[in-house]
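K.L.:
Below are the sequence and a predicted model for it; my questions follow.
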Amino acid sequence: MRFSVFAPAMAFLFAPLGAANATTHIHINLSTQTMHVQSSSGSYSWPVSTARAGYSTPRGSFAPTGLQAMHYSRKYHMSPMPHSIFFRGGYAIHGSYETGMLGRPASHGCVRLSPGHAAMLYQMVQSEGGRISIGGAPPRGHYYASARRGAASDSAPRRRQAYGNPLPSLFDFGD
């Protein structure tokens, strides 16, 4: 008799533990420019592009703050950001049509994936929730923008001023 009283209570207490295991875990390594994903559907490793010289991708642990199937960056000329998973203000993991740049720094701070991988990740996070961790150090010596070495830090503030915004926005960082 006691078992029947306590069994539902115990099931209720441990039910959240099963849900926690279903969370999609996303780890981004800035050093290798790769993303490792662990979800109920499997494990994946994909090349990514993070912040190029003069910009930064935040490090730490984050929870997704919003999902948009298609977002257009108001800050960067309405650039398309398919399957955006936003975290920490306006930073996002999103698809990019510049797939030739994947595997090396190229963005303004967001984490870029191929459109197909971004769609898969979006679906996983939408159905399971997600946890994002970003670590490592960006590779040194990679300057894929038009800035010269040594001039990269000088050119970034001028670019922002040219668009009428002397400081980066916290909520529409974009790319």
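P.N.:
Perfect, I can see it now.
K.L.:
so which strand or helix has the residue nearest to Met70 when sequence neighbours are not counted?
P.N.:
Among residues not flanking Met70 along the chain, Pro82 sits closest, at 5.5 Å (CB to CB, 6 or more residues apart in numbering). Glycine gets a C-beta too; all of them are placed from N, C-alpha and C. Per DSSP states H and E, Pro82 falls inside strand 79-87.
K.L.:
Report the rounded mean pLDDT for that strand.
P.N.:
Here strand 79-87 scores 94 as its mean pLDDT.
K.L.:
How about the contacts made by the residue nearest to Met70?
P.N.:
By CB atoms under 8 Å, 6 or more residues apart in numbering, Pro82 lies in contact with Ala69, Met70, His71, His94, Gly95, Pro115, Ala118, Ala119.
K.L.:
if you set the cut-off to 7 Å instead, what comes out?
P.N.:
Shown in contact with Pro82 (CB atoms under 7 Å, 6 or more residues apart in numbering): Met70, His94, Gly95, Pro115, Ala118.
K.L.:
which SSE is the second one in?
P.N.:
In other words, His94. Secondary structure assignment for His94, by DSSP H and E: strand 91-95.
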